[in-house]
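Student: Could you look at this predicted model? Sequence included:
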2 protein chains.
Amino acid sequence: MTLPAEAGRHWILDLHGCPAGLLDDHDAIRDRLREVTDRFDLTLLGLQSHRFEPQGVTVVGLLAESHFSIHTWPETGFAAIDIFTCGHGDTLDEACRFLVEAFRAEESRLVRLSRGRTDADGRPLAPEPMTARSPVIGEDS
Amino acid sequence: MTLPAEAGRHWILDLHGCPAGLLDDHDAIRDRLREVTDRFDLTLLGLQSHRFEPQGVTVVGLLAESHFSIHTWPETGFAAIDIFTCGHGDTLDEACRFLVEAFRAEESRLVRLSRGRTDADGRPLAPEPMTARSPVIGEDS
């Protein structure tokens, strides 16, 4: 029997209740993304970023493993983070916990998706949440 | 009563059964991403891409609305596409149908996530699938 396959793992992290100043600091958010790639052995091939007016920052990293993005809404204390990798699933939870603390989020919600799934016969399956949607730091971590 | 709020909409599209040649054509995939942003009124602020050896392409677009990424695995005919926007939810299904046809996918699976959700009292909610995971072109489209 062949086991179901997947192409990559996509961790989708919503951070709520972050200090506005942290979410509007363009250079610091770029540095944070670089720091996460260094700490968690992701290979950053390129980085783009933009600071919006009157506020908000987007940083998108092209990884050898896929991509890593951070979008911020300082006015509501919200940040949307995506880390999509092939082959680094084991450390993504830890990376997310690091980000929750780095952005001093009061609350967080994480969805872990398996992308490019096929069943044992090679038939496509939907991108599937791997566990319940949950806080990163909470009852199930 | 205040309705639940959201920061953005994130369409997560898995394409299966695409011709390998299409998935390994770096310049064509860049052009395709530009074409979608033009057609669907997304504002492309920056574009990064990489062709992997021996195969595979990643293209990541930084949008005024958030981001747009395409990762391909020509060896298995798979492509993983993300379009994350604030404010363009109405045309994302159409953009996904365009991509399914452009990459000549035999099958597709789409998850539509609402990001940065809060309830009527401003309490954070998890990123929530807005409908069942489904083919883009199929029984529910």
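Tutor: Looks like it arrived, so ask away.

Student: how near is the spatially closest residue to residue A:65 that is not a sequence neighbour to residue A:16?
Tutor: Closest residue in space to residue A:65, ignoring its immediate chain neighbours: residue A:85 at 3.8 Å, by C-beta to C-beta, 6 or more residues apart in numbering or on different chains. (C-beta placed from N, C-alpha, C; glycine too.) Computed as C-beta to C-beta, to the nearest Å, the residue A:85 to residue A:16 distance reads 24 Å.

Student: between these two, who's got more neighbours?
Tutor: residue A:85 (24 against 21; other C-beta atoms under 10 Å in any protein chain shown).

Student: Any figure for the gap between the more buried one and chain B?
Tutor: 10 Å (C-beta to the nearest C-beta, to the nearest Å).

Student: Verify the stated contact: that residue with residue A:9.
Tutor: Yes. Counting by C-beta atoms under 8 Å, residue A:9 is a contact partner of residue A:85 at 6.0 Å.

Student: Overlap in contacts, the two.
Tutor: residue A:92 (C-beta atoms under 8 Å, 6 or more residues apart in numbering or on different chains).

Student: Show me where chain A has its strands.
Tutor: With DSSP state E, the ranges of strands along chain A come out as A:8-16, A:44-51, A:57-63, A:66-73, A:78-85, A:107-115, A:128-129.

Student: May I see those organised as a markdown table, with mean pLDDT added?
Tutor: Shown next, in a markdown table, are the strands of chain A (pLDDT from 0 to 100):
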| stretch | mean pLDDT |
| --- | --- |
| strand A:8-16 | 94 |
| strand A:44-51 | 97 |
| strand A:57-63 | 97 |
| strand A:66-73 | 97 |
| strand A:78-85 | 97 |
| strand A:107-115 | 91 |
| strand A:128-129 | 73 |
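
Student: Out of the ones you listed, which gets nearest to residue B:31?
Tutor: Nearest of these to residue B:31, taken as C-beta to C-beta: strand A:57-63 at 17.6 Å.

Student: does any bit of that closest one sit next to chain B?
Tutor: Yes. Contact of strand A:57-63 with chain B (C-beta under 8 Å from any C-beta of the partner chain) involves A:58, A:60, A:62-63.

Student: Next one: residue A:125 from chain B, what distance?
Tutor: The value you get for residue A:125 to chain B, if C-beta to the nearest C-beta is used, is 7 Å.

Student: wait, residue A:16
Tutor: Residue A:16 is 4 Å from chain B, by C-beta to the nearest C-beta.

Student: can I assume that residue is in contact with residue A:103?
Tutor: No. The pair residue A:16 / residue A:103 is not scored as a contact, 10.0 Å apart, by C-beta under 8 Å.

Student: What count of nearby residues applies to the nearest residue to residue A:42 once chain neighbours are set aside?
Tutor: Leaving aside its chain neighbours, residue A:42 sits nearest to residue A:63 (5.3 Å; criterion: C-beta to C-beta, 6+ apart). Residue A:63: 22 surrounding residues under other C-beta under 10 Å.

Student: what residues are up against residue A:63?
Tutor: Counting by C-beta under 8 Å, 6+ apart, the residues that residue A:63 touches are A:37, A:42-45, A:84-85, B:58.

Student: List only buried entries from these.
Tutor: Buried members of the contacts of residue A:63, counted by 16 or more other C-beta atoms under 10 Å in any protein chain shown: A:37, A:42, A:44-45, A:84-85, B:58.

Student: if we take these, which one ends up nearest to residue B:113?
Tutor: residue A:84 (13.3 Å).

Student: So the closest one sits against residue A:115, correct?
Tutor: Yes. With contacts counted by C-beta under 8 Å, residue A:84 reaches residue A:115, the gap being 7.1 Å.

Student: any shared contact partners between these two?
Tutor: Common neighbours of residue A:84 and residue A:115, using C-beta under 8 Å, 6+ apart, are A:8-10, B:80.

Student: ok, how many other residues are close to the residue nearest to residue A:117 when sequence neighbours are not counted?
Tutor: Of all residues not flanking residue A:117 in the chain, residue A:125 sits nearest, at 4.0 Å (C-beta to C-beta, 6+ apart). Residues near residue A:125, counting by other C-beta under 10 Å, number 18.
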